[in-house]
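> coords below, sequence missing:
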């Protein structure tokens, strides 16, 4: 089942069920007005949404053509956005790029940060860059949407709390990071609003590609029309979503609709390319002595799309242009 | 105007207007079902809520007796919890306690962290401490509740976005902090759910005590019946709420209902006591060579209450017991 959120003038938009081919939808207001409302009462709303989905896919219900530019993020505002950094190749390269050591517990203790979640961008919303010196970068990630998670949940039980999966462009302002992390309180200004979607899908949509708490899919990042990365999200995710969930639930509970991210998908095989520019710049530094790829500038366009083993687009396409001040 | 959120079996509770003396309330469902709904449409809901408040205070409307134990946090779940650390005396003492230097930009660049906001505790909810070795501490803080804040808002314009004020117990697990901050991504496991309320009040309730983006009130912390701190929240707040807001809005916008905290209220005058145990332990270390005050343990009770210059309780009383695993 594929879900999305249609812009309708309200803060949280209107929940819609999307046809499997991603080109049409039907409104779900008779089951739940918003995705948050559906997640708040998943046991009672999921059957109704699945029934709509089946009737839509079999042509037994009227549908409307889907225009991705009319979509919000699946959750235009969420109660939490918790982002891991589970691809160790990414951690090693990015830390090297800013002259920092990976933590000694890199392989045993997951890295996660708490992101802002009150304003999340839709899949085609512009990235606003008032100051190019901030060094805007994209980060292509896989994200799970959680149900209510009790404190103390362990990895073995975590699967039952994964309601949906989606993808994300976790935007970073690279040149603001070193000074901010030096203050030791983590990211803040260096992490502006991130983009999600277009679609959030139930785990069964991935079939066997969803296993062991990892999404065994390919994440393709395209910058200004050129594919810069076609990375595998499965095998090199050192900590699974289940392990990340155990880590974050150690000292608190999470409410339905919490977003949990994988961190930038990253592969050791350089032929697969990159899911963020910081990695390419570090590789250039290693190979040539200095980075030659600039960060994103006004006029650039970043596209992110995830594919299953059959080459089907799983979540639709994020496509965002960078523009100057509003 | 004093507002609160009554437990009613729903996730977000029921918005109520509280009588000025804090002992009675009237339901606000005809104006807005929840505090979040009121904040989402503040221009249209504020007049109706104020009208209810006036009728309640003048006895022209039926009221029900208020039982604080029946209250949620004003926002039982919020879209963001952004916490500053604006009292430099606190920063200096706590960093000293864990052998870390304050950042060189301490006086010019505010410290803020992004906290979890999906599960917020009510004012009388227990603090759950499954492992006493975590080193549970309270932190007494002032909090503002924001309206929709555009990216790029500056301090001079920030006042218009402050809708409400409240107080908070920002719980910290002190012994988890050093290893977590060493990973450089900020707090996560070391910041479990915090408690807010009981009441959230409009700035005019503070009268002249709300000025220059600071709440010139006294915050009293009582541990197991003994007053351990009676600190002044105004003069030593180095960065005002307006300056904190400018800082956090530099690279992104905030949605209505975002919570922005002051950080632990702290005074250089040691006679005023402390608003967290970490400070007392550091003072003991400075004066005696080692800390003698333990962190909180199962059975302890922490109470936090804020008073204006006339000695009136502004936000009601937080009163939380520490208990073991659920």
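Great, that's in hand. Bear in mind the structure is a predicted one, so any value in this text is a computation, not a measurement.
> quick check: mean pLDDT across stretch A:12-27?
Mean pLDDT, computed over stretch A:12-27, is 97.
> tell me how far the ends of it are from each other?
Across stretch A:12-27, the terminal residues are separated by 14 Å (Cα to Cα, to the nearest Å).
> hey, where'd the helices end up in the stretch 51-200 of chain A?
A:88-97, A:155-158, A:177-182 (DSSP state H, counting those that start in this stretch).
> What residues of the second one count as buried?
When burial is assessed from 16 or more other Cβ atoms under 10 Å in any protein chain shown, helix A:155-158 yields the following buried residues: A:155, A:158. From N, CA and C alone the C-beta is placed, and that goes for glycine too.
> surely residue A:7 meets residue A:73?
No - with contact defined as Cβ atoms under 8 Å, residue A:7 does not count as touching residue A:73 (10.6 Å).
> Between the two, tell me which one has more neighbours.
Each of residue A:7 and residue A:73 has its neighbours counted (other Cβ atoms under 10 Å in any protein chain shown); residue A:73 has more, 28 against 14.
> okay, that one: pLDDT?
With respect to pLDDT, residue A:73 scores 98.
> Report whether stretch A:252-271 contacts chain B.
Yes - on the criterion Cβ under 8 Å from any Cβ of the partner chain, stretch A:252-271 is in touch with chain B at A:252, A:253, A:254, A:255, A:257, A:258.
> What mean pLDDT does that stretch get?
Mean predicted confidence for stretch A:252-271 is 97.
> Spell out the residue ranges of the strands in the stretch 101-250 of chain A.
A:112-115, A:127-128, A:136-137, A:140-146, A:162-169, A:172-173, A:195-196, A:200-201, A:210-211, A:214-215, A:218-223, A:226-232 (DSSP state E, counting those that start in this stretch).
> Among these, which comes closest to residue B:140?
strand A:112-115 (21.6 Å; Cβ to Cβ).
> Could you point out which of the strands of the stretch 101-250 of chain A sits nearest residue B:121?
strand A:112-115 (17.1 Å).
> what about that closest one and chain B, touching?
Yes - counting by Cβ under 8 Å from any Cβ, chain B has neighbours in strand A:112-115: A:112, A:113, A:114, A:115.
> Can you tell me the closest non-neighbouring residue to the first one?
In space, residue A:112 comes closest to residue A:84 once its chain neighbours are excluded; the distance is 4.8 Å by Cβ to Cβ, 6 or more residues apart in numbering or on different chains.
> That neighbour: what's it in contact with?
When contacts are counted by Cβ atoms under 8 Å, 6 or more residues apart in numbering or on different chains, residue A:84 touches A:110, A:111, A:112, A:239, A:244, A:260, A:261, A:262, A:263.
> and residue A:322, what element?
Assigned by DSSP states H and E, residue A:322 falls within strand A:313-323.
> Please parse chain A into its domains.
A:2-70, A:81-323 (automatic domain parsing).
> mind checking which of the helices of the stretch 51-200 of chain A is nearest chain B?
The closest of the helices of the stretch 51-200 of chain A to chain B is helix A:177-182. By Cβ to the nearest Cβ, the value is 4.9 Å.
> Could I get the average pLDDT for that closest one?
Here the average pLDDT along helix A:177-182 is 92.
> ok, that helix near chain B or not?
Yes - contact of helix A:177-182 with chain B (Cβ under 8 Å from any Cβ) involves A:179, A:181, A:182.
> just to revisit the earlier point, pick the most deeply packed of the helices of the stretch 51-200 of chain A.
Of all those, helix A:88-97 has the most neighbours on average by mean count of other Cβ atoms under 10 Å in any protein chain shown, namely a mean of 20.
> Is that helix in proximity to chain B?
No - Helix A:88-97 is not in contact with chain B by Cβ under 8 Å from any Cβ; minimum separation 8.7 Å.
> Which strands or helices does that helix pack on?
With contacts taken as 3 or more Cβ pairs under 8 Å, 6 or more residues apart in numbering or on different chains; DSSP states H and E, helix A:88-97 sits against helix A:277-288.
> The helix it packs on: which residues count as buried?
Here helix A:277-288 shows A:277, A:278, A:279, A:280, A:281, A:282, A:283 as buried, counting by 16+ other Cβ under 10 Å.
> and that helix, how far out from the chain's middle?
Helix A:277-288 sits 24 Å away from the centroid of its parent chain (Cα atoms, centre = their mean, to the nearest Å).
> which strands and helices sit next to it?
By 3+ Cβ pairs under 8 Å, 6+ apart, helix A:277-288 packs against helix A:88-97.
> Taking strand A:140-146 as reference, get the angle to the helix it packs on.
Between helix A:88-97 and strand A:140-146, the angle comes out at 120 degrees (axes from the mean of the first three to the mean of the last three Cα atoms, to 10 degrees).
> ok so, going back, which of the helices of the stretch 51-200 of chain A comes out lowest on mean pLDDT?
In terms of mean pLDDT, the lowest-scoring of the helices of the stretch 51-200 of chain A is helix A:88-97 (a mean of 85).
> contact partners of that helix?
With contact meaning Cβ under 8 Å, 6+ apart, helix A:88-97 is reached by A:85, A:101-102, A:106-107, A:111, A:236, A:238, A:263-268, A:275-276, A:278-279, A:281-283, A:285-286, A:291.
> mind listing what the residue of chain A found nearest chain B touches?
Here chain A gets closest to chain B at one residue, residue A:186, 1.9 Å apart by Cβ to the nearest Cβ. Contact analysis of residue A:186 by Cβ under 8 Å, 6+ apart lists A:113, A:114, A:180, B:113, B:114, B:184, B:185, B:186, B:187.
> between those, which is nearest residue B:37?
Nearest member of those to residue B:37, counting by Cβ to Cβ, is residue B:114, at 24.2 Å.
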